[in-house]
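> Provided below are the primary sequence and the corresponding predicted coordinates.
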Amino acid sequence: MTNKIHSIYLSILFLTGVLITIGIAVYGFDYYTTSMEERFFNPLHNLLKPSGTVGHGLGIIGSFMMLVGVSSYMIRKRVRRLSRLGLLKHWLEFHIFLCTVGPILVLYHTAFKFGGIVSISFWSMVAVVLSGVIGRFIYIQIPRTIQGHEKSFEELNEENAEITIRLREKYKLDEKLLFTIEEFLIVESYTSVPFRKIFQTMVKDYFKNKSILKKIKKSLNNYNLNKFRKKEIIKICKSKLVLTRRIGLLRSMQKLFKYWHIAHLPFAIIMLVIMLIHVSVTVLFGYTWIF
Ligand code: HEM
Ligand code: HEM
């Protein structure tokens, strides 16, 4: 998949999610904003109630999307024979799409009424989605190969050194300027960051990096470089800053990601188990949708 096709793929997923969410909200606005006592008299009640033709269908489709989103990613990640079937990161994007839109459909299925034991499934679903967002953030802090495997320290240091070589050889930056840039980008400054202070450090880092880039820009003004060249150099310095931080925080992030997995999975299991009980109970009570 080229970068352009990948952008189109992401845009289609994003637009589909937004259109579905807004479409149902607009269609059911009148019903969802009616109080529980008066809903019975609303013309959309028979369609949008959890057991209604549309409401029930949304529950089934949403749950199916989540099941496909979780199982497809887990299978693709674990079965070696499938390792050539698209990039893992694209499968993760598909997981995120199905496991975001699926819960939105389930939310509409509940018609914003969270009663009974199945509400545990609902709130577990909310917890998995929220923890998913945090997990995604940690995931992108750990540099990976194109295949989605974590890069080693050695690979990352090599990449970092290559950027310096590129700045020296392609952009012909002199040693003094290179020294100035390297001075700002010290991996070791991160090693003393305690585990619990990672996020605080990252926020501080964001502002610190802005001021470092400003200083680098200022130093570049002393050189006879055209606007285009300067922009390119700044872009490379930016990527070097990000890489430096990622190398510095690699161990902590890997540890955090391990803990995150331990928290994410149980909620997913609780949600699935109670969902299965809920589905069995509703089928036993004779709710079979359109079949
Ligand atoms: C994680 C997935 C699901 C969640 C969180 C969920 C949640 C809920 C909630 C909160 C209600 C309303 C309960 C109430 O009226 O107090 C409900 C009702 C219902 N759900 Fe689900 N649901 C899910 C999936 C499904 C699926 C896959 C089906 C069908 C195969 C289904 C079928 C029904 C039916 C038929 C009702 C109406 C029951 C009644 O009126 O007594 N649900 N669901
Ligand atoms: C109901 C919704 C969701 C469920 C049930 C779910 C379930 C899972 C499960 C079971 C895994 C473990 C996969 C494995 O180890 O192979 C996983 C991984 C992951 N999920 Fe979700 N997820 C949901 C939503 C989300 C969302 C909304 C996001 C992001 C916004 C997300 C991001 C991730 C990430 C980053 C991983 C780690 C991938 C890896 O380590 O390779 N998830 N999810």
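Thanks, I have the structure now. All figures in this text were calculated on a predicted structure; none of them were measured in a lab. Numbering: from 1, shown residues only. Ligands and ions are numbered 1, 2, ... in the order given.
> now the phi/psi pair for Glu150, please.
phi -70, psi 140 (degrees, to the nearest 10).
> now His261: which helix or strand?
Remark: His261 resides in helix 250-284, with elements defined by DSSP states H and E.
> tell me what that helix is packed against?
Applying 3 or more C-beta pairs under 8 Å, 6 or more residues apart in numbering; DSSP states H and E, one finds that helix 250-284 makes contact with helix 53-78, helix 118-141, helix 198-220. The way it works is simple: take the backbone N, C-alpha and C, and place the C-beta from them, glycine included.
> need those helices in a markdown table with distance to ligand 2 and mean pLDDT, can you?
Shown next, in a markdown table, are the helices and strands packed on helix 250-284 (distance: least, C-beta to the nearest ligand atom, whole Å; pLDDT from 0 to 100):
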| stretch | distance to ligand 2 | mean pLDDT |
| --- | --- | --- |
| helix 53-78 | 4 | 96 |
| helix 118-141 | 2 | 92 |
| helix 198-220 | 16 | 82 |
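> could I get those helices in TSV, plus columns for mean neighbour count?
Below are the helices and strands packed on helix 250-284 laid out as TSV (neighbours: other C-beta atoms under 10 Å):
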stretch	mean neighbour count
helix 53-78	17
helix 118-141	17
helix 198-220	14
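> how about those, which one is nearest Cys99?
helix 53-78 (4.2 Å; C-beta to C-beta).
> tell me how far that closest one lies from the chain's centre.
Here helix 53-78 is found 18 Å from its chain centre; the criterion is C-alpha atoms, centre = their mean, to the nearest Å.
> tell me what angle it forms with helix 250-284.
Going by axes from the mean of the first three to the mean of the last three C-alpha atoms, to 10 degrees, helix 53-78 is angled at 140 degrees with respect to helix 250-284.
> report the inter-axis angle for the helix or strand bottoming out on mean pLDDT in the chain versus helix 198-220.
Taking mean pLDDT, DSSP states H and E as the measure, the helix or strand of the chain with the lowest value is helix 175-184, at a mean of 72. Helix 175-184 runs at 170 degrees relative to helix 198-220, counting by the same axes, to 10 degrees.
> which strands or helices does helix 175-184 pack on?
helix 153-169, helix 198-220, helix 227-248.
> ok, now which ones touch Ile277?
Listed by C-beta atoms under 8 Å, 6 or more residues apart in numbering, the contact set of Ile277 reads 117-118.
> tell me the spacing between Ser219 and Arg81.
52 Å (C-beta to C-beta, to the nearest Å).
> before we move on, what about Thr288?
Thr288 is 37 Å from Arg81, where distance means C-beta to C-beta.
> one more: Phe199?
Phe199 is 38 Å from Arg81, by C-beta to C-beta.
> okay, the least confident helix or strand of the chain in PDB with CA atoms only?
What follows is helix 175-184 as a C-alpha-only set of coordinates in PDB (Å, rounded to 0.1, in the frame of the first residue of the first chain):
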ATOM      1  CA  GLU A 175      30.400  20.800  12.800                       C
ATOM      2  CA  LYS A 176      29.600  23.900  14.900                       C
ATOM      3  CA  LEU A 177      25.900  23.800  14.000                       C
ATOM      4  CA  LEU A 178      25.700  20.100  14.200                       C
ATOM      5  CA  PHE A 179      27.200  20.300  17.700                       C
ATOM      6  CA  THR A 180      24.500  22.900  18.600                       C
ATOM      7  CA  ILE A 181      21.800  20.600  17.400                       C
ATOM      8  CA  GLU A 182      23.200  17.400  19.100                       C
ATOM      9  CA  GLU A 183      23.600  19.400  22.300                       C
ATOM     10  CA  PHE A 184      19.900  19.800  22.500                       C
END
